[in-house]
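**Student:** Sequence first, then the predicted structure:
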Amino acid sequence: MANEAISGGASGVFIMPGGIWTTTGLTPGTLYYVSQTAGAITSTAPSGSGTYTRQIGVALSATELFFNPSEIVVPN
């Protein structure tokens, strides 16, 4: 997963499973999911019809997410 937008043909930084993603606004100990908003994460699992739920990690602190995406994607 890229930790920022990357234009076509440009280079960028990717986070590998087991890595630490540095960001802001996290709640320590909280699980985070892929958001329905492109490029965002959320602490609330998506649940609307036609959405999918995929856990991506847990917050270690207010600024660090342990990136460990689930291989299971649940359709809602």
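**Tutor:** Received, thanks.
**Student:** was I right about residue 24 contacting residue 63?
**Tutor:** Yes - contact criterion C-beta atoms under 8 Å: residue 24 and residue 63 qualify, at 5.7 Å. Every C-beta, even on glycine, is put in place using the N, C-alpha and C of the backbone.
**Student:** Those two: which has the busier surroundings?
**Tutor:** The neighbour count for residue 24 versus residue 63, taken as other C-beta atoms under 10 Å, is higher for residue 63 (14 against 6).
**Student:** now residue 26, nearest residue through space, not along the chain?
**Tutor:** residue 59 (3.8 Å; C-beta to C-beta, 6 or more residues apart in numbering).
**Student:** What about that neighbour? Give its phi and psi, please.
**Tutor:** Residue 59 adopts backbone torsions of phi -80, psi 130, taken as degrees, to the nearest 10.
**Student:** What count of nearby residues applies to it?
**Tutor:** If you count neighbours by other C-beta under 10 Å, residue 59 ends up with 21.
**Student:** thinking it is in contact with residue 33, fair?
**Tutor:** No - at 12.0 Å, residue 59 and residue 33 do not qualify as touching, with contact defined as C-beta under 8 Å.
**Student:** Give me the contacts around stretch 51-71.
**Tutor:** Outside stretch 51-71, the residues that touch it by C-beta atoms under 8 Å, 6 or more residues apart in numbering are 1, 15-34, 36, 41, 45-47, 72-76.
**Student:** ah, wrong one, I meant stretch 37-46
**Tutor:** Residues outside stretch 37-46 that contact it (C-beta under 8 Å, 6+ apart): 5, 27, 30-36, 52-53, 55-56, 65, 76.
**Student:** Write the ChimeraX selection for whichever of these are buried.
**Tutor:** For anyone working in ChimeraX, the buried entries among the contacts of stretch 37-46, judged by 16 or more other C-beta atoms under 10 Å, can be selected with:
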select :32,33,34,55,56,65
